[in-house]
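> below are the sequence and a predicted model; questions follow.
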Amino acid sequence: MDYQAVLEEVADRARPLVRQGRVADYIPALERVSPDRFGIALTDIHGETYGVGDWEVPFSVQSISKAFSLALVLAQEDQSIWKRVGREPSGTPFNSLVQLEWEQGIPRNPFLNSGALVVTDRLQTLTGDASTALLDFMREESGNPELSFDQAVAGSEAEHGNRNAALAHFMASFGNLENPVPSVIEHYFWQCSIEMSCRDLATAGGFLARHGLRADGTRLLHARDAKRMNAVMLTCGTYDAAGEFAYRVGLPAKSGVGGGIVAVVPGRCTLCVWSPGLDARGNSVAGAAALDHFTTLTGWSVF
Ligand code: GLU
């Protein structure tokens, strides 16, 4: 497979959709990103990376971080996180409170904000510094020691963080947090504010395509946990549109409101696409179209 040629064709087809949708505006620091950006990168299971467009420009990973913090928790302890967070699609928006009350403070899945707060809480208990542990992991797996937090984004998240604070307090009231709420939300905001490029994310997500093996060949996750993570990404990774995304693209994926989407072809490669214009559900319009073209051109979906 000539990956470079495939990515170029995918980019040509998706580019007319760049500027469609809306750039995330819930915090001022994200609103300033140019809607003209488009990049796509692919890292094969041997670590070779290919890219097109703005594939080396860093952007805010936002909710994509939720997949990586889950992987770090699963790497450190077997299955206990699943007692505190479910793995069903929610049918509610990513920051919704209503279901939490019905379900006694147990979030439906780890990719809702509530679920990610529980995962960050556990990572904080396991490491003593959840956001730094995540940043170190991202640096190592991407091979880019320069990765860092975007201070402006982290500050803005905290300033506009009432909803996340509410989710955390609500879960704490059900006994589903181990650490104080202020520390959990702070680490969560830092984790969302990590800046990475498509190249960095496609490379860092390689373990999901390698059935749990890290870039250096050592094992991060049991193969069964890599399979399970991919399954939860497929069913819950693209906000309230995971059904539509599976229908169109057919790959496990995790999106973020920074406009990035990481997608996995198990056994072959990991992709990351970025374009900031979001659809009404929070997924990149041009990014989802690019992945749709990719699986159509290559025939590589999980179905
Ligand atoms: N930082 C965002 C929030 O917690 C998450 C954004 C996302 O879904 O990508 O509201």
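In hand now; what should we look at? Numbers count the residues shown, from 1 in each chain.
> excluding chain neighbours, give the residue nearest to the most centrally placed residue in the chain in space.
In the chain, the residue lying closest to the centroid (Cα atoms, centre = their mean) is Ile64, at 1.6 Å. Among residues not flanking Ile64 along the chain, Gly256 sits closest, at 4.2 Å (Cβ to Cβ, 6 or more residues apart in numbering). (C-beta placed from N, C-alpha, C; glycine too.)
> give me the phi and psi angles of the residue nearest to the centre of the chain.
With angles defined as degrees, to the nearest 10, Ile64 sits at phi -60, psi -30.
> then Thr49?
According to degrees, to the nearest 10, Thr49 has phi -120, psi 140.
> ok, and the closest non-adjacent residue to it?
Using Cβ to Cβ, 6+ apart and skipping residues adjacent in sequence, the residue nearest Thr49 is Thr43, 4.5 Å away.
> ok, the one you found touching Asp200?
No - at 9.8 Å, Thr43 does not count as touching Asp200 under the criterion of Cβ atoms under 8 Å.
> quick one on the thing from earlier: what's the spacing between the helix or strand harbouring the residue nearest to Thr49 and its chain's center?
Per DSSP states H and E: Thr43 is located in strand 39-44. What separates the centre of strand 39-44 from the centre of its chain is 15 Å, taken as Cα atoms, centre = their mean, to the nearest Å.
> quick one: list the elements packing against the next helix or strand after it.
Beyond strand 39-44 on the C-terminal side, the first helix or strand identified by DSSP H and E is strand 49-53. Contacts defined by 3 or more Cβ pairs under 8 Å, 6 or more residues apart in numbering; DSSP states H and E place strand 49-53 against helix 3-14, strand 39-44, helix 198-204.
> just checking, what packs against the shortest one?
Other helices and strands packing on strand 39-44, by 3+ Cβ pairs under 8 Å, 6+ apart, are helix 3-14, strand 49-53, helix 198-204, strand 269-274.
> please save the CA atoms from the next helix or strand after the last one in PDB.
Looking back up the chat, that one is strand 269-274. Per DSSP H and E, the first helix or strand lying C-terminal to strand 269-274 is helix 285-298. C-alpha atoms of helix 285-298 as PDB (Å, rounded to 0.1, in the frame of the first residue of the first chain):
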ATOM      1  CA  VAL A 285     -16.400  17.700   9.600                       C
ATOM      2  CA  ALA A 286     -13.400  17.400   7.200                       C
ATOM      3  CA  GLY A 287     -11.700  14.900   9.600                       C
ATOM      4  CA  ALA A 288     -14.600  12.400   9.600                       C
ATOM      5  CA  ALA A 289     -14.900  12.800   5.800                       C
ATOM      6  CA  ALA A 290     -11.200  12.100   5.400                       C
ATOM      7  CA  LEU A 291     -11.500   8.900   7.500                       C
ATOM      8  CA  ASP A 292     -14.600   7.900   5.500                       C
ATOM      9  CA  HIS A 293     -12.600   8.300   2.300                       C
ATOM     10  CA  PHE A 294      -9.700   6.400   3.800                       C
ATOM     11  CA  THR A 295     -11.700   3.300   4.600                       C
ATOM     12  CA  THR A 296     -13.500   3.500   1.300                       C
ATOM     13  CA  LEU A 297     -10.300   3.700  -0.700                       C
ATOM     14  CA  THR A 298      -8.400   1.000   1.200                       C
END
